[in-house]
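A.B. asks: curious how this folds, go ahead:
(one chain, ligands or ions: 1)
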Amino acid sequence: MEQSAVLHRHLGVQFPLLTLSESNYLNLDDGRKILDASGGAAVGCIGWGNQRAIEAVSKQLGQSSYCATIFYSTRVQEELCRELIGSTKGHMARAYIVNSGSEAMEAAIKLARQYFLEISPPQPARTHFISRRQSYHGITLGALAVSGHEYRRANFEPLLMTNASRVSPCFEFRGKTPGETDVDYVGRLARELDEEFQRVGPEAVCAFIAEPVVGAALGCVPAVAGYFKAVKAVCDKYGALLILDEVMCGMGRTGSLHAWEQEGVVPDVQTIGKALGGGYQAVAGVLANHRVVRAIEQGTSVFVHGHTYQGSPSGCAAALEVQRIVREEGLVRNVREMGTLLGRRLNEALGGHPNVGDIRGRGLFWGIEFVADKETKEPFPVQDHVAMSLAELGLTERYCIGVYPGGGSADGVRGDHIIISPAYNVGVAEIETIVNI
Ligand code: PLP
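C.D. replies: Model (predicted):
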């Protein structure tokens, strides 16, 4: 076969060619038809080949294929932002549309910084970001600097901004000690965060950044009840912002449109992506609350940031139509119903397997963590084996990246979990097929 001209992630691997994506299936040029159990990288939410979404994008391309958003806006961008703001029940004030989750995180970091320059009196000393270990917030240097993903950071560590530090994630399976109650565990993590504020100097912290349900870095790990209220209280105590990264777990994936709705907190800034456009265009976004928007409005009223292709009309059209389909077809309800079924069936089918350490998730966002030993929880780096056999059996192999600290595994060990995150319109029969495979 002719050598690929694409600088693929794995240069030595010959990727099969995707020829047609239909409903929840992917057709490859080697004749295989794959049940897409992960929506690509947790992107697909209305399935593939949806005519409404395709027509909305085509129509928009016919009207205006590009908009220089430093000069103009488009009706479709205005409508999308209104729809997104409306979905937060008035908590968020404005939306900012970009092309990827990483861009969204870059914008969120800058928004937080600019907020402290615009408030009265300004707090220019606030330059530090606290996030969590085993986290992933994007691949660009700024987003990577606030990520705690050893494998992805390793080569670029000297290039990353140093005014970022990390605390423990809320990870019940590996972080909670035997006999510790949820309340005690949450209290311990909140104290750790408080101590990190103290160490850095509370007047130096811009924001705390976290994913409500940790996706790629840990494998669909929801926080213990009360955790987000506790960390928000620490942020409030020191006047820092809370940035929630909902690029992967947001826009309905975990059974509510915004994952924070299930945590009893509202972020100051929120990033969204992936299921926002459902794979019909590259589109992501940032939502900012009234506090942040008011400060910038009353200050310079210029958010000093921007990308040539931001707010692209076709991206906005894709996101707007996908979100309307999700709403009109009641797909978030299906996420809850099918998610409950998926979780129950995974536990029934795999809970007793000696190499399955933990099955966790929320909505249609489930992770299975493999262990070499159920008792010691020694990590079991099985990614390649699992990926290959699942692909051969007809299930997409992605999304499976894991990074674990200590406990028998060196930093940077990958592949101890897989993620199952099918489209929101998945049915009972498909759930059964996924579980059986
Ligand atoms: N944040 C989270 C939580 C993610 O999972 C990802 C991507 O997987 C990103 C940010 C970066 O998004 P993108 O790959 O669209 O740049």
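A.B. asks: buried residues in stretch 70-79?
C.D. replies: Buried residues in stretch 70-79, counting neighbours by 16 or more other Cβ atoms under 10 Å, are found at 74, 76-77. (Each C-beta comes from the backbone N, C-alpha and C, glycine too.)
A.B. asks: ignore what I typed, I meant stretch 243-261.
C.D. replies: Along stretch 243-261, these residues count as buried under the neighbour rule (16+ other Cβ under 10 Å): 243-261.
A.B. asks: how far does it stretch from one end to the other?
C.D. replies: Using Cα to Cα, to the nearest Å, the end-to-end distance of stretch 243-261 comes to 14 Å.
A.B. asks: which SS state does residue 292 fall under?
C.D. replies: Using DSSP: H, G, I helix; E, B strand; the rest coil, the secondary structure recorded for residue 292 is helix.
A.B. asks: now do the one 10 residues further on
C.D. replies: Assigned with three-state DSSP, residue 302 falls in the coil class.
A.B. asks: would you mind measuring from it to residue 167?
C.D. replies: From residue 302 across to residue 167, the span is 33 Å (Cβ to Cβ, to the nearest Å).
A.B. asks: so which residues on the protein come close to the ligand?
C.D. replies: Applying Cβ under 6 Å from any ligand atom, we find that the chain lies next to the ligand at 41, 100-102, 105, 136-139, 211, 215-216, 245, 247-248, 273, 284.
A.B. asks: which phi and psi does residue 374 have?
C.D. replies: According to degrees, to the nearest 10, the main-chain angles of residue 374 amount to phi -60, psi -40.
A.B. asks: same thing with residue 246?
C.D. replies: With angles defined as degrees, to the nearest 10, residue 246 sits at phi -110, psi 30.
A.B. asks: any idea how far it lies from residue 259?
C.D. replies: Distance, residue 246 to residue 259, using Cβ to Cβ: 5 Å.
A.B. asks: what do you get for residue 150?
C.D. replies: 25 Å.
A.B. asks: in contact with the residue nearest to residue 298 when sequence neighbours are not counted, which residues?
C.D. replies: On the basis of Cβ to Cβ, 6 or more residues apart in numbering, the spatially nearest residue to residue 298 that is not a chain neighbour turns out to be residue 118, at 7.0 Å. Under the criterion of Cβ atoms under 8 Å, 6 or more residues apart in numbering, the neighbours of residue 118 are 295-296, 298-300.
A.B. asks: neighbour count and pLDDT for those - can I get that in CSV?
C.D. replies: Output for the contacts of residue 118, formatted as CSV (neighbours: other Cβ atoms under 10 Å; pLDDT from 0 to 100):
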residue, neighbour count, pLDDT
295, 19, 96
296, 20, 95
298, 11, 93
299, 16, 92
300, 11, 85
